[in-house]
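Peer 1: missing the sequence, but the structure's below:
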């Protein structure tokens, strides 16, 4: 199987002790390309240094809503500078991780929305897709995407919404990122939604080191778990794992403008 992890944080310190080994094990299992996402200004250089060591690692840069208090007024200008400097580089693939998080009540919603819109506008100016974090904020996210629709669409990371919300994202040209969450048997509502989705809508992801699948509870998540995630989700779709892997990789290559292999 050829698999693409469309959402990982391989640059995080969780992998400092064995990052090379994780990459080797993942590649041996068929996980070739990985998208590594920036979440605040302080990790962009570390992320890019990592990506520069491996042509099958790809970078996205963004200001994550969970780090709202950490972002400074100048960070948007810095993000624009990074994107302009790397514009056209084959390993720059998206703006992300950006979005809205209404689960954490202490995060100012107006400030989150302003930051999200500014980054959507940057993505539009740079002709890049967006990788979107959404927690308990689907209605607001859909409304803002309709107003500031990125020309190249993007991915709704760790999609956990309703079937109706999924349809709205698909109408806007987005793919839905699926990882560890729907592998858990108790996630009944999400699993029932996932089973109704078309394969053309899906890209696979891990969010490593977070959101470990049911097969690896209470452990560090890793890109090497993606084949097991694929097998578990293929059962929901009632297709062979190879079929889901092929569809996910094709969808990711189409979104990012990569040559499908």
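Peer 2: Perfect, thanks for sending it. Model, not experiment: these values are computed from the prediction. Numbering: from 1, shown residues only.
Peer 1: in the protein, what spans have low per-residue confidence?
Peer 2: Scanning the chain for pLDDT under 70 picks out the ranges 260-261.
Peer 1: any idea which helix is longest in it?
Peer 2: helix 109-126 (DSSP state H).
Peer 1: helices and strands around that one, which ones?
Peer 2: Counting contacts by 3 or more Cβ pairs under 8 Å, 6 or more residues apart in numbering; DSSP states H and E, helix 109-126 is packed against helix 75-85, strand 92-101, strand 130-135, helix 138-147. (Each C-beta comes from the backbone N, C-alpha and C, glycine too.)
Peer 1: turn the ones you listed into JSON lines, columns for distance to residue 186 and mean neighbour count.
Peer 2: Shown next, in JSON lines, are the helices and strands packed on helix 109-126 (distance: least, Cβ to Cβ, whole Å; neighbours: other Cβ atoms under 10 Å):
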{"stretch": "helix 75-85", "distance to residue 186": "38", "mean neighbour count": "15"}
{"stretch": "strand 92-101", "distance to residue 186": "23", "mean neighbour count": "26"}
{"stretch": "strand 130-135", "distance to residue 186": "18", "mean neighbour count": "25"}
{"stretch": "helix 138-147", "distance to residue 186": "21", "mean neighbour count": "17"}
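Peer 1: mind putting the ones you listed in JSON lines, distance to residue 165 included?
Peer 2: Converted to JSON lines, the helices and strands packed on helix 109-126 look like this (distance: least, Cβ to Cβ, whole Å):
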{"stretch": "helix 75-85", "distance to residue 165": "27"}
{"stretch": "strand 92-101", "distance to residue 165": "13"}
{"stretch": "strand 130-135", "distance to residue 165": "9"}
{"stretch": "helix 138-147", "distance to residue 165": "5"}
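Peer 1: and of these, who's closest to residue 34?
Peer 2: strand 92-101 (10.6 Å; Cβ to Cβ).
Peer 1: the closest one pairs with which strands, and in what direction?
Peer 2: Using DSSP bridges, the strands paired with strand 92-101 are strand 57-61 (parallel), strand 130-135 (parallel).
Peer 1: residue 214 is nearest to which of those strands?
Peer 2: strand 130-135 (20.2 Å).
Peer 1: related to what we said a few turns ago, what's in contact with the longest helix of the chain?
Peer 2: With Cβ atoms under 8 Å, 6 or more residues apart in numbering as the test, helix 109-126 has contacts from 62-63, 65, 68, 71, 76, 79-80, 83-84, 87, 94-95, 98-102, 129-130, 140-141, 144-145, 147-148, 150-152, 154.
Peer 1: and that helix, which residues are buried?
Peer 2: Within helix 109-126, the residues scored as buried using 16 or more other Cβ atoms under 10 Å are 112-113, 115-116, 118-120, 122-124, 126.
Peer 1: what's the closest of the helices and strands packed on helix 109-126 to residue 211?
Peer 2: Nearest to residue 211 among the helices and strands packed on helix 109-126 is strand 130-135 (11.8 Å), distances taken as Cβ to Cβ.
Peer 1: give the burial count for residue 209, as a bare number.
Peer 2: 19 (other Cβ atoms under 10 Å).
Peer 1: give me phi/psi at it?
Peer 2: Per-residue torsions, residue 209: phi -90, psi 10 (degrees, to the nearest 10).
Peer 1: give me the nearest residue to it, chain neighbours excluded.
Peer 2: Setting aside the residues directly before and after it, residue 209 is nearest to residue 14 in space (Cβ to Cβ, 6 or more residues apart in numbering), at 4.0 Å.
Peer 1: the one you found: what secondary structure?
Peer 2: helix (DSSP: H, G, I helix; E, B strand; the rest coil).
Peer 1: surely it and residue 220 touch.
Peer 2: Yes - counting by Cβ atoms under 8 Å, residue 220 is a contact partner of residue 14 at 5.7 Å.
Peer 1: tell me what the helix or strand harbouring residue 249 is packed against?
Peer 2: Assigned by DSSP states H and E, residue 249 belongs to helix 241-256. Helices and strands touching helix 241-256, as assessed by 3+ Cβ pairs under 8 Å, 6+ apart, comprise strand 3-8, strand 174-178, strand 202-204, helix 226-237.
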